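Q: coords please:
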Amino acid sequence: MTLTDAADRTAGGTGDDEARVLDLCRQLLDELPPRETDTVTFLGRQFDLGLAWVNFPEGDGGLGLSPKLQRTINETLWGAGAPVSAARNPIGHGMGAPTVMTHGSEDQRKRYLRPLFTGEEIWCQLFSEPGAGSDVAGLSSKAVRDGDEWIVNGQKVWTTLAHMARWGMLVVRTDPNQPKHKGMTYFVVDMHASGVEVRPLYQITGEAEFNEVYFTDVRIPDAERLGDVGEGWRVSLTTLMNERVSIGGQVPRRGSGFIGELTKMWLERRPVGHPDRARELDGFMQLWIRAEALRLTNIRAGQARSKGTPGPEGSIGKLAMAELHKDLTSFGMNLLGADGLIHPDGYERHRPQTTALWRNPQQAFLRSRANSIEGGTTEIMKNILAERVLGLPGDVRVDKDRPWIDVPRS
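A: Residues are numbered from 1 along each chain as shown. The predicted structure follows:
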């Protein structure tokens, strides 16, 4: 969206708040032309003007307005070539910021939010463990209080960009005698602290975007706790709900993203007159329809949320996105034919500086397999939607009220 387009929408009666954010967008672009300004400076000024997360309070990167207006801001700034904060710091932007905003102290908000948005400080999420993936509340990494500090020991796994991170969102068990959902506490951990070890986990793409993280007598000040002691599950739900929206709830421009890449392949590989075009056209159009239906569904979901943490309906977008991406990339591999057997990047093992969703069709096909696992498996998304949206009976949970220490574990 251009400034002119957005101004036309405002003139059509979309309200004083939209006019305000568009004025601020114009001010930002006039002060700091994106193509002439370094990324950190531009994003820092965007934060200071309240255009980072428009629903956050003034002074914390927002203006206290409806989150619906963030789409207007993003389309306006990105259309002018502005940098994208979420691309630099996806975990921090989509999950860390809402959690700090909801549960952090004023000092924590002032300390963390601005460098998180500018990408000067990368964040990671430390929830999953070798014995606690889909069942996060079953985790066993522990923290023991020692005065004004907590001593942490344990292991986390599948931690995206941990090798780049300055800060981590960490949930650990602080009271094993409580039921599993009640004995956890949430901390912000310094990933450069003594006793933190990050090891790469290489994926089928050859990249180590994921990591395993070991904590050996790591000391965390109590001042870096988010929420009350024993309230880690409640705080973690804020992270998890925002994670699902950040993964599957995005609203790209029509025809962009994965379906845009597939469209380019279709036009190149199946031009008019190609013998396979008619036979495969229906399959391609079905994928286009699914992509557009998901985009429109996410728009409606964003409009329905006036403020606060997303609800369980965020699982709809995440579930649909994961299955769509796998089908899209599989279709793309079929278009490539024998060329799909060759990985253009090779399989040189390396540790990327950001997440890469579609670098080429072969890499996207391999990477999309993780979409139905990360941020909650497809099976977990279906359970959430069945129980919390449709109101169907929940699974039998024999360990719900038992002390964690008494629950059998393998």
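Q: strands of the stretch 151-300 of the chain, start to end?
A: 167-173, 184-190, 196-201, 210-221, 225-226 (DSSP state E, counting those that start in this stretch).
Q: show me what the shortest one is in contact with.
A: By that I understand strand 225-226. Outside strand 225-226, the residues within contact range by Cβ atoms under 8 Å, 6 or more residues apart in numbering are 99, 100, 103, 104, 108, 150, 169, 185, 186, 187, 188, 235. In short, each C-beta sits where N, CA and C put it, glycine included.
Q: hang on, isn't the second one packed against residue 109?
A: Same thing as residue 100. Yes. Using Cβ atoms under 8 Å, residue 100 is in contact with residue 109, at 6.0 Å.
Q: so which of those two has more stuff around it?
A: Applying other Cβ atoms under 10 Å to residue 100 and residue 109 shows that residue 100 carries more neighbours, namely 26 against 18.
Q: excluding chain neighbours, what is closest to the more buried one?
A: residue 112 (5.3 Å; Cβ to Cβ, 6 or more residues apart in numbering).
Q: what about the chain, any weak spots by pLDDT?
A: 1-14, 248-249, 304-309, 313, 410 (pLDDT under 70).
Q: swap in 80 and give it another go.
A: The model of the chain has pLDDT under 80 over residues 1-14, 133-134, 244-252, 301-314, 346-347, 356-357, 396-398, 400, 409-410.
Q: got a list of what the most centrally placed residue in it touches?
A: Central residue of the chain (Cα atoms, centre = their mean): residue 246, 3.8 Å from the mean position. With contact set as Cβ under 8 Å, 6+ apart, residue 246 has these partners: 86, 90, 93, 94, 95.
Q: tally of neighbours for the fourth one?
A: Read that as residue 94. 23.
Q: mind checking the SS state of it?
A: helix (DSSP: H, G, I helix; E, B strand; the rest coil).
Q: distance of it from residue 110?
A: Distance of residue 94 to residue 110, computed by Cβ to Cβ, to the nearest Å: 21 Å.
Q: who's in contact with stretch 365-376?
A: Under Cβ under 8 Å, 6+ apart, the answer for stretch 365-376 is 134, 158, 160, 203-205, 240, 243-244, 247-248, 315, 318, 321-323, 325-326, 328-330, 332-333, 340, 343, 356-358, 378, 384.
Q: now the buried members of these.
A: Among those, those classed as buried by 16 or more other Cβ atoms under 10 Å are 158, 160, 205, 240, 243-244, 247-248, 315, 318, 321-323, 325-326, 328-329, 332-333, 358, 378, 384.
Q: count the neighbours of residue 65 for me.
A: 20.
Q: who's in contact with it?
A: 17, 20, 21, 54, 55.
Q: thought residue 335 was touching residue 270?
A: Yes. Assessed by Cβ under 8 Å, residue 335 is found in contact with residue 270 at 6.8 Å.
Q: residues shared between the contacts of the two?
A: Shared contacts of residue 335 and residue 270, counting by Cβ under 8 Å, 6+ apart, come down to residue 280.
Q: can I get the strands of the stretch 151-300 of the chain in CSV including mean neighbour count and distance to residue 363?
A: Listed next are these as CSV, based on neighbours: other Cβ atoms under 10 Å; distance: least, Cβ to Cβ, whole Å:
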stretch, mean neighbour count, distance to residue 363
strand 167-173, 26, 27
strand 184-190, 24, 31
strand 196-201, 16, 17
strand 210-221, 19, 15
strand 225-226, 24, 35
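Q: wait, which of these is closest to residue 127?
A: strand 167-173 (5.7 Å; Cβ to Cβ).
Q: check the offset of the closest one from the chain's centre.
A: Remark: strand 167-173 is offset 16 Å from the chain centroid, using Cα atoms, centre = their mean, to the nearest Å.
Q: repeat for stretch 281-299
A: On Cα atoms, centre = their mean, the centre of stretch 281-299 falls 22 Å from the chain's centre.
Q: list of residues touching that stretch?
A: Looking at what lies outside stretch 281-299 - Cβ under 8 Å, 6+ apart - the contacts are 248-252, 254, 257-259, 262-263, 266, 270, 316-317, 320-321, 324, 327-328, 331.
Q: which among the residues you listed count as buried?
A: The buried subset of the contacts of stretch 281-299 (16+ other Cβ under 10 Å) comprises 248-251, 257-259, 262-263, 266, 270, 316-317, 320-321, 324, 327-328, 331.
Q: name the nearest residue to residue 353, sequence neighbours excluded.
A: Closest to residue 353 by Cβ to Cβ, 6+ apart is residue 164, at 6.0 Å.
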